[in-house]
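>>> Give me coordinates for this.
(2 chains)
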There are 2 protein chains.
Amino acid sequence: MIIAVDAAGGDYAPGEIIKGVVQAVEESDVEIALVGKKSLIHVTAARQIKNNSRISIIEASQVIEAEEHPMRAVMSKPDSSIVVGINLLKEGKAQAFVSAGNTGALFGAAFLKLGLIEGIERPAICAILDITGSTPVLLIDAGANADCKPHFLVQFAEMGNAFAKRVIGLDTPRVGLLSNGSEDGKGNRLVVDSHELLKNANLNFVGNIEANDLPKGKVDVVVTDGFTGNVVLKTLEGLGEAVQNFKHLWRDVSKAGHVHGSALLGSVEIDSWARKLDFREYGGACLLGVSGNVIKAHGRSRANAIKNAIILARQTAEGNIYAIIKKEEQNEQHNSSN
Amino acid sequence: MIIAVDAAGGDYAPGEIIKGVVQAVEESDVEIALVGKKSLIHVTAARQIKNNSRISIIEASQVIEAEEHPMRAVMSKPDSSIVVGINLLKEGKAQAFVSAGNTGALFGAAFLKLGLIEGIERPAICAILDITGSTPVLLIDAGANADCKPHFLVQFAEMGNAFAKRVIGLDTPRVGLLSNGSEDGKGNRLVVDSHELLKNANLNFVGNIEANDLPKGKVDVVVTDGFTGNVVLKTLEGLGEAVQNFKHLWRDVSKAGHVHGSALLGSVEIDSWARKLDFREYGGACLLGVSGNVIKAHGRSRANAIKNAIILARQTAEGNIYAIIKKEEQNEQHNSSN
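Numbering: from 1, shown residues only, chains lettered A, B, ... in the order given. From the prediction side, this is the model:
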């Protein structure tokens, strides 16, 4: 299995990207196609890559910067690492593509080049939240569609359901609808209308859930519009940063006193927990609904986050997630037309 | 100044409510009108109250339970502690009312009995977030209106602005609009349209802010619709609980080892920080836009949270917040008609 990785995207490219790639190759059997400027990659990591038969380099002479207008950049930079990486998927030369680069450009290129799966009207971002460190919760849509119609949310639920089955490995994922109250009938107009449709979908729909239930493992898939999903994700991220800042402050206090091993253990554990709230550490997010496996790692990803994103990409490609979504859609249409 | 307090509302009523009242009277010069069943209050706390000339009891024979339908309960229970408390405000016998009871019933009764301030079309919940422990951030609307129109958000901004000036004591509060991106033009339809109106309002409007900026002190007032506001609040609350659970786990680990004073200090500090994310600890939220000072404490409030809510009620009444909102509204209308 070949995973294409954008060597040029993200705050710490290419150094940390390459380190993450090397880690992923050491820890699993993936083959990597590093997409970027060959000359720059060689200068950065000639030694690490040279003797590794499972890492190849695909030339991409252009870079889409983080602050560029996504669609204009995709159109005007056909040899950018993002466009070249997506083209590898389209041509079947890679089974998944991981990028920590410009989110809008990545998803825009995926949408334009790969197209949507039949029956899906909007692609959606599926973020994997690992708040408690036990079972992950999938949040979909985590930011692709600010304005949604009720039947979009049903499609998001179906895609999240397929992902939970095929990639996370759950038999009957519990699907919840994010609302401002758990009772039926609670919510804004979009949620109330979506609730009715979800009740009649072929899903294990458990009803509305509130945001304070996200860490409690009550559901496996949380469906919401992309505006609200983005707000949830960024609230978690902001708080994760605040916990880490607090922890560092506290570590400074501790250093001035006498702290034994178990207290330091606690400190490290709180840190590792807080980091899971942050895209920087957890494995990334998938764009679902397009005909290809596209994984977005956070722009601030360091090596470990890139490695995790590559592992997620591998699982996603193995799960053959977009083929499954298409099939489930068709089954559903078949069933409902009977 | 007389603050009416609902003795019957909340998970720990009346015991913790009365303890909080006694603490507030000890720490400040407020007078309290405890609203509830006299017989029950006397059984619970005869000794604590008997000799205190600043605590009086106002009989209310009925109780609205947490799970009752708000409006039906308000209509059918005219002698409930919530309705009696709101009536004290209406009759000028108290300057503010604090309740940890049924949120919908409290706000419904306030809306019905006190009416809206002239120029305000929807009342909104203003929650005081104290994430970093430095400057609080006001979140408005934190849950009253699931579906909003752009001009509602402008009214929320104006009310939040008045609250930040009069209660928090800021000269020129920075007002931000919650969005999924900081650039102008980012957001869902409601946000994009509201942004245009806010730019032209008589406010120190600093533009869009993202949810991960909430702990960073970039703005003093965050404006959003009540659905999104509720999601933010509950995400913070859920995460606060998760931090506390994690901390307890860690404390158990620590107990098995050797931990010195400074580490325990760290533990207590993390706990106190995490609790601030939770309504149980922070002082409550105000209903703005009605003609009276109404403070909602969390249903799980214990004594300390009730005391904080009473202090907030006192500040709100001293700020004469609803008269100010009315005046600022009229000034604005006056200015724009010139």
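>>> Counting neighbours, what do you get for the residue nearest to A:Met159 when sequence neighbours are not counted?
Distances taken as Cβ to Cβ, 6 or more residues apart in numbering or on different chains put A:Leu288 closest to A:Met159, at 4.2 Å, once the chain neighbours are dropped. Yep, even glycine has a C-beta here, placed from its N, CA and C like the rest. Counted by other Cβ atoms under 10 Å in any protein chain shown, the residues lying close to A:Leu288 total 28.
>>> Run through the bridge partners of A:Leu288.
A:Ala124 (DSSP bridges).
>>> ok, now which ones touch it?
A:123-126, A:140, A:156, A:159-160, A:163, A:321-322, A:325 (Cβ atoms under 8 Å, 6 or more residues apart in numbering or on different chains).
>>> Which of these ranks first by neighbour count?
That'd be A:Phe156 among these, by other Cβ under 10 Å, with 34 neighbours.
>>> Can you identify the element that follows the helix or strand harbouring that residue toward the C-terminus?
Applying DSSP states H and E as the criterion places A:Phe156 in helix A:150-163. Counting by DSSP H and E, the element after helix A:150-163 in chain order, helix or strand, is strand A:175-178.
>>> contact partners of that following strand?
A:153, A:157, A:160-161, A:187, A:191, A:194-195, A:198, A:203-211, A:213, A:218-224, A:228-229, A:232, B:231.
>>> quick one: strands adjacent to it?
Looking at strand A:175-178 with DSSP bridges, its partner strands are strand A:205-209 (parallel), strand A:221-223 (parallel).
>>> Pick the most deeply packed of those strands.
Of those, the one with the most neighbours on average (mean count of other Cβ atoms under 10 Å in any protein chain shown) is strand A:221-223, at a mean of 30.
>>> For the stretch 51-200 of chain A, which residues are neighbours of chain B?
A:131-132, A:143, A:146-147, A:178, A:180, A:187-189, A:191 (Cβ under 8 Å from any Cβ of the partner chain).
>>> circling back: which residues touch the helix holding A:Phe156?
For helix A:150-163, contacts defined as Cβ under 8 Å, 6+ apart pick out A:119-122, A:124, A:126, A:138, A:140-141, A:145, A:173, A:175, A:177, A:190, A:193-194, A:196-198, A:201, A:203-205, A:221-225, A:286, A:288-289, A:316, A:319, A:321, A:324-325, A:328-329, A:332.
>>> With stretch A:20-33 instead?
A:1-5, A:34, A:45, A:48-49, A:52, A:54-58, A:88, A:93-94, A:301-307, A:309-311, A:314.
>>> Buried subset of those residues, written for ChimeraX?
Of the contacts of stretch A:20-33, the buried ones go into a single ChimeraX selection, burial set by 16 or more other Cβ atoms under 10 Å in any protein chain shown:
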select /A:2,3,4,5,34,45,49,55,57,58,88,94,301,302,303,304,305,306,307,309,310,311,314
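>>> So which of the contacts of stretch A:20-33 are in helices?
A:45, A:48-49, A:88, A:303-307, A:309-311, A:314 (DSSP state H).
>>> Spatially, which two of these are the most separated?
Across the ones in helices among the contacts of stretch A:20-33, no pair lies farther apart than A:Leu88 and A:Asn304, at 24.3 Å, counting by Cβ to Cβ.
>>> Report the separation between A:Glu26 and A:Tyr12.
A:Glu26 sits 19 Å away from A:Tyr12, going by Cβ to Cβ, to the nearest Å.
>>> Now do the contacts for the residue nearest in space to the middle of chain A.
The centre of chain A sits closest to A:Ala285, judged by Cα atoms, centre = their mean, with a distance of 0.3 Å. With contacts defined as Cβ under 8 Å, 6+ apart, the neighbours of A:Ala285 are A:125-128, A:142, A:279, A:295-296.
>>> count of residues packed around the closest residue in space to A:Glu210 that isn't next to it in sequence?
Spatial nearest neighbour of A:Glu210, excluding adjacent residues (Cβ to Cβ, 6+ apart): B:Lys234 at 5.2 Å. Other residues lying near B:Lys234 total 24 when counted by other Cβ under 10 Å.
>>> Now do B:Lys234, the pLDDT please.
Predicted confidence (pLDDT) for B:Lys234: 91.
>>> State the helix or strand in which it lies.
Judged by DSSP H and E, B:Lys234 forms part of helix B:226-256.
>>> With A:Glu16 instead?
helix A:15-27.
>>> And that helix, what's buried?
A:16-25.
>>> If you average the pLDDT over it, what comes out?
95.
>>> Could you export it as PDB, CA atoms only?
Output in PDB follows, covering the C-alpha atoms of helix A:15-27 (Å, rounded to 0.1, in the frame of the first residue of the first chain):
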ATOM      1  CA  GLY A  15      11.800  18.400   8.500                       C
ATOM      2  CA  GLU A  16       9.100  17.100  10.800                       C
ATOM      3  CA  ILE A  17       7.100  15.600   7.900                       C
ATOM      4  CA  ILE A  18      10.100  13.500   6.800                       C
ATOM      5  CA  LYS A  19      10.800  12.500  10.400                       C
ATOM      6  CA  GLY A  20       7.100  11.300  10.700                       C
ATOM      7  CA  VAL A  21       7.400   9.400   7.400                       C
ATOM      8  CA  VAL A  22      10.500   7.600   8.600                       C
ATOM      9  CA  GLN A  23       8.800   6.700  11.900                       C
ATOM     10  CA  ALA A  24       5.700   5.400  10.000                       C
ATOM     11  CA  VAL A  25       7.900   3.200   7.800                       C
ATOM     12  CA  GLU A  26       9.800   1.900  10.800                       C
ATOM     13  CA  GLU A  27       6.500   1.000  12.700                       C
END
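>>> Alright, that wraps it up for me.
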